[in-house]
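S.K.: sequence unknown, structure follows:
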């Protein structure tokens, strides 16, 4: 039975208090994006999650979060070019549980997603599609713990190998629906020299398509992935 917006928002102990606590910790530079009311309502009803969950709090109380100087763009209820959590699913209705829920991405095209059974991890865990390995990695914690981890400093060591000198001033300048494409690509041996790479902005979907093509080529014998 589909729950109404009233059902989803009228709850005891809403998780927004947790979200505010993590944001107020001041551990990580984070910008809360304004949410667009119509989009947030559609998002919450589409996801069918209540405000008792951190996922629901993000969807209803924020348009999204720019975490750690804009390195990570966490999706919420939608803000400008940044899709809502529900829009990112690309579903027409919520009649079937999705294989995964995209939670956000970083400025080099790494994607964080909640595994609904379609990824390589444990169902209910957050996974990361690594742009330098072109595969999903199970982070071994659920959504609420993932958000707490991201907002309280977890990205510093996690993303260290993908960051270059001066990224803190450059990441916030990347448009919400774009990421950096590195040349050479991060998944090549040459691309491991992060500070030497050239970078340009491309749309998120363009880089993800490149990731898919490169990963498919790697899976085929005797064929090198395209740059």
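M.R.: Looks like it arrived, so ask away. For clarity, every value in this text was computed on a predicted model and none was experimentally measured.
S.K.: most centrally placed residue in the chain?
M.R.: By Cα atoms, centre = their mean, the chain has its centre lying nearest to residue 104, at 1.3 Å.
S.K.: Quick check: that one is in a helix.
M.R.: No: using DSSP: H, G, I helix; E, B strand; the rest coil, the assignment for residue 104 is strand, not a helix.
S.K.: show me what contacts residue 126?
M.R.: 103, 112-115, 139, 141-143, 146 (Cβ atoms under 8 Å, 6 or more residues apart in numbering). Every C-beta, even on glycine, is put in place using the N, C-alpha and C of the backbone.
S.K.: Can you give me the neighbour number for the nearest residue to it once chain neighbours are set aside?
M.R.: Ranked by Cβ to Cβ, 6 or more residues apart in numbering and with sequence neighbours excluded, the top spatial neighbour of residue 126 is residue 146, at 4.2 Å. Counted with other Cβ atoms under 10 Å, the neighbours of residue 146 add up to 22.
S.K.: what about residue 146, helix or strand, and which?
M.R.: helix 143-151 (DSSP states H and E).
S.K.: And for residue 181?
M.R.: strand 178-183.
S.K.: what's downstream of that strand, the next helix or strand?
M.R.: Counting by DSSP H and E, what follows strand 178-183 is strand 198-203.
S.K.: How far off centre is that next one?
M.R.: 18 Å (Cα atoms, centre = their mean, to the nearest Å).
S.K.: what's the angle between whichever helix or strand comes after it and strand 198-203?
M.R.: Following strand 198-203 in sequence order, the next helix or strand is helix 204-219 (DSSP H and E). Interaxial angle, helix 204-219 versus strand 198-203 (axes from the mean of the first three to the mean of the last three Cα atoms, to 10 degrees): 110 degrees.
S.K.: packing partners for the helix holding residue 146?
M.R.: helix 16-24, helix 54-61, strand 64-67, strand 72-75 (3 or more Cβ pairs under 8 Å, 6 or more residues apart in numbering; DSSP states H and E).
S.K.: Would you mind pulling the contact partners of it?
M.R.: 15, 18-19, 22-23, 25, 27-28, 30, 53-55, 58, 65, 67-68, 72, 74, 103, 112, 114, 126, 139, 141.
S.K.: Same question for it: list its buried residues.
M.R.: 143-144, 146-151 (16 or more other Cβ atoms under 10 Å).
S.K.: What is the nearest of these to residue 167?
M.R.: Nearest to residue 167 among the buried residues of helix 143-151: residue 150, at 16.3 Å, using Cβ to Cβ.
S.K.: low-confidence ranges in this protein?
M.R.: 91-96, 221-227 (pLDDT under 70).
S.K.: Give me the next element, helix or strand, following the helix holding residue 146.
M.R.: helix 155-158.
S.K.: Give the buried residues for that next one.
M.R.: So, applying 16+ other Cβ under 10 Å, buried residues of helix 155-158: 155, 158.
S.K.: residues in contact with it?
M.R.: Outside helix 155-158, the residues touching it (Cβ under 8 Å, 6+ apart) are 28, 67-68, 71-72.
S.K.: can we see that at 6 Å?
M.R.: residue 68 (Cβ atoms under 6 Å, 6 or more residues apart in numbering).
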